[in-house]
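Chemist: Sequence plus predicted model, see below.
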Amino acid sequence: MNPVLVVGAGPAGLSAACDLSQAGVRVLLVERREELGGAPARWKYHTLAPDFVPVSRVLGPLIEQVTKSELVEVKKGCVVESFRGSVGDFEVRITELKTRRSETRRVSCVVVATGFEHFDARVDPRYGYGRVPDVIGINELEAMLSQGRVVKRDGSAPKRIAFVFCVGSRDRSTNPWCCTVCCGVSIKQAIELKRILPDSQIYMIYMDVRTTGLWEKLYWDSMEKFGINYIRGRVGEVYHTGQKLLVKGEDTLVRGPFEALFDMVVLAVGMEPGEGTRQAASIFGLNTNEYGFLLPRTPNIHYDSGREGVYLAGSCVAPMSVEEAISDGSAAAMQCVKLMKVMRA
Ligand SMILES: Cc1cc2nc3c(=O)[nH]c(=O)nc-3n(C[C@H](O)[C@H](O)[C@H](O)COP(=O)(O)OP(=O)(O)OC[C@H]3O[C@@H](n4cnc5c(N)ncnc54)[C@H](O)[C@@H]3O)c2cc1C
Ligand code: SF4
């Protein structure tokens, strides 16, 4: 039986590859970057919300399994450039990005787990990202937290820090959907900041706080144990006064304008389908929704692409957490195992 092709080695793809190999199925894992681990590895996530668990504890065993298993062939720095044939015997052309060398391989079925990209906050000039110093994204703060050192561009520690929620999310001029995790991730980061900079004052400027399920504990702890402040409002402008960052906006509780000075502004940038997902949609002939996420045949059944032998997993379908992406990968792997059993019978 031909191996299963898994495209993308983030939490969803790793989980699919792991489960397949543990079920005795051969896997061809194709990742376009030179490292495994998806967004958490690329952006050097420090810990995962909601439990402050080091990323290595969650993804480490998955990466170890796929790199050590004799059943998994890992192809880093590669993409799939063509796809044809029928279930059980698809033919794919895999190209190494650096050398442009290609090879043709046969695979039985496919799991597409090409993930998301962070919203590029330069697209929305209100926040000054890319122009105004010390306006950063939660992805950049996560990397600073991993180094245990959060500093402004001049090397000093920030004293007053604002988080701005829903940047490039829930906004019809950019992306109208909710990214589902960035409230919780921002609050997790604010708590971590308080641990390393206990004298800092932190303000969360939010539309709504969406810490669903067990993530809600982060919200209460942030106020009751760490003294983090919440302002319900919308930011209209961020600019540098020469010494501080001036954030202007509307307080939507008291229904009036607000202005406040900060040393650092952290943008809770959302998740959107990226170039890798667009490329996969075109190669595998998959449907996308109005936003560019891959569209399952039945909305509530993520793995079913509607194309026989091609399954979907993870944040290429919708914004989601690491735990959901891992479960999605397992679900797609299970579909491949079922299909192969039917083909063998
Ligand atoms: C700043 C930030 C912090 C976050 N922190 C947390 C957290 O604390 N807790 C939590 O639960 N969730 C968190 N998340 C969400 C988490 O990052 C995602 O749930 C998770 O990364 C989704 O996994 P994935 O495998 O679907 O996608 P990704 O992690 O995006 O992985 C997809 C992989 O596919 C590869 N790829 C893409 N296209 C192709 C292609 N055409 N060919 C080959 N390879 C391709 C990519 O290079 C990548 O390696 C955070 C998100 C953000 C924005
Ligand atoms: S998770 Fe929170 S910050 Fe992110 S888009 Fe949804 S409401 Fe906004």
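Modeler: Sure, I can see it. Ligands and ions are numbered 1, 2, ... in the order given.
Chemist: When you work out contacts or count neighbours from here on, use the C-alpha atoms and nothing else.
Modeler: OK.
Chemist: who in the stretch 201-345 of the chain is up against ligand 1?
Modeler: Listed as neighbours of ligand 1 in the stretch 201-345 of the chain under the rule Cα under 6 Å from any ligand atom: 270-271, 276-277, 279-280, 314-316, 320-323, 325.
Chemist: again with the stretch 51-200 of the chain
Modeler: 79, 113, 114, 115, 116, 118, 138, 139, 185.
Chemist: before we move on, back to that, of the residues of the stretch 201-345 of the chain next to ligand 1, which belong to helices?
Modeler: Under the assignment DSSP state H, those contribute 276, 277, 279, 280, 322, 323, 325 to helices.
Chemist: ok, which pair from these is furthest apart?
Modeler: For these, the farthest-apart pair by Cα to Cα is 279 and 323; their separation is 25.1 Å.
Chemist: and which of the residues of the stretch 201-345 of the chain next to ligand 1 is nearest to ligand 2?
Modeler: Ranked by distance to ligand 2 (Cα to the nearest ligand atom), those are led by residue 270 at 6.1 Å.
Chemist: Could you give the backbone dihedrals for the closest residue to ligand 2 within the stretch 201-345 of the chain?
Modeler: Going by Cα to the nearest ligand atom, ligand 2 is nearest to residue 210 of the stretch 201-345 of the chain, at 4.9 Å. Taking degrees, to the nearest 10, you get phi -110, psi 80 for the backbone angles of residue 210.
Chemist: dump the residue contacts of the residue nearest to it when sequence neighbours are not counted.
Modeler: Spatial nearest neighbour of residue 210, chain neighbours left out: residue 183 (5.9 Å); criterion: Cα to Cα, 6 or more residues apart in numbering. Counting by Cα atoms under 8 Å, 6 or more residues apart in numbering, residue 183 touches 165, 209, 210, 211, 268.
Chemist: Now name the helix or strand holding residue 183.
Modeler: Element membership of residue 183, judged by DSSP states H and E, is helix 182-196.
Chemist: same thing with residue 103?
Modeler: strand 102-107.
Chemist: Residue 239 now?
Modeler: Using DSSP H and E, residue 239 maps to strand 229-240.
Chemist: contacting residues around residue 83?
Modeler: Counting by Cα under 8 Å, 6+ apart, residue 83 makes contact with 90, 91, 92, 93, 283, 284.
Chemist: The fourth one and residue 274, how far apart?
Modeler: Think residue 93. For residue 93, the distance to residue 274 equals 21 Å [Cα to Cα, to the nearest Å].
Chemist: The residue of the stretch 201-345 of the chain closest to ligand 2 touches residue 184, doesn't it?
Modeler: Yes. In this structure, residue 210 is within contact of residue 184 by Cα atoms under 8 Å, at 7.4 Å.
Chemist: More neighbours: which of these two?
Modeler: A direct count of neighbours by other Cα atoms under 10 Å for residue 210 and residue 184 places residue 184 higher, at 23 against 17.
Chemist: The closest residue to the more buried one other than its chain neighbours: neighbouring residues, count only.
Modeler: Spatial nearest neighbour of residue 184, excluding adjacent residues (Cα to Cα, 6+ apart): residue 211 at 5.5 Å. Burial of residue 211 is recorded as 19 neighbouring residues (other Cα under 10 Å).
Chemist: what about residue 211, which SS state?
Modeler: coil (DSSP: H, G, I helix; E, B strand; the rest coil).
Chemist: is it true that residue 111 touches residue 312?
Modeler: Yes. Look at residue 111 against residue 312 with Cα under 8 Å: they come within range, at 5.6 Å.
Chemist: In terms of neighbours, single out the busier of the two.
Modeler: residue 312 (31 against 27).
Chemist: returning to that earlier point: Throw the ones in helices among the residues of the stretch 201-345 of the chain next to ligand 1 into TSV and include pLDDT, thanks.
Modeler: Compiled in TSV, these are given as follows (pLDDT from 0 to 100):
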residue	pLDDT
276	97
277	97
279	97
280	97
322	98
323	96
325	98
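Chemist: quick revisit: are there residues contacting both of residue 111 and residue 312? Which ones?
Modeler: Common contacts of residue 111 and residue 312 (Cα under 8 Å, 6+ apart): residue 332.
Chemist: Enumerate the positions of stretch 231-249 that are buried.
Modeler: 231-235, 238-240, 244-249 (16 or more other Cα atoms under 10 Å).
Chemist: Check whether it comes near ligand 2.
Modeler: No. Stretch 231-249 does not reach ligand 2 (Cα under 6 Å from any ligand atom); its nearest approach is 11.2 Å.
Chemist: Which segments of this protein make up each domain?
Modeler: If you go by automatic domain parsing, the domain ranges for the chain are 4-116+273-344, 119-270.
Chemist: any idea of the mean pLDDT for the last one?
Modeler: Domain 119-270 shows an average pLDDT of 97 in the prediction.
Chemist: give me the number of residues near the closest residue in space to residue 328 that isn't next to it in sequence?
Modeler: Counting by Cα to Cα, 6+ apart, residue 328 lies nearest to residue 313, which is 5.0 Å off, once chain neighbours are set aside. For residue 313, the neighbour count with other Cα under 10 Å is 36.
Chemist: who touches residue 313 in this structure?
Modeler: 12, 13, 111, 112, 113, 302, 303, 325, 328, 329, 331, 332.
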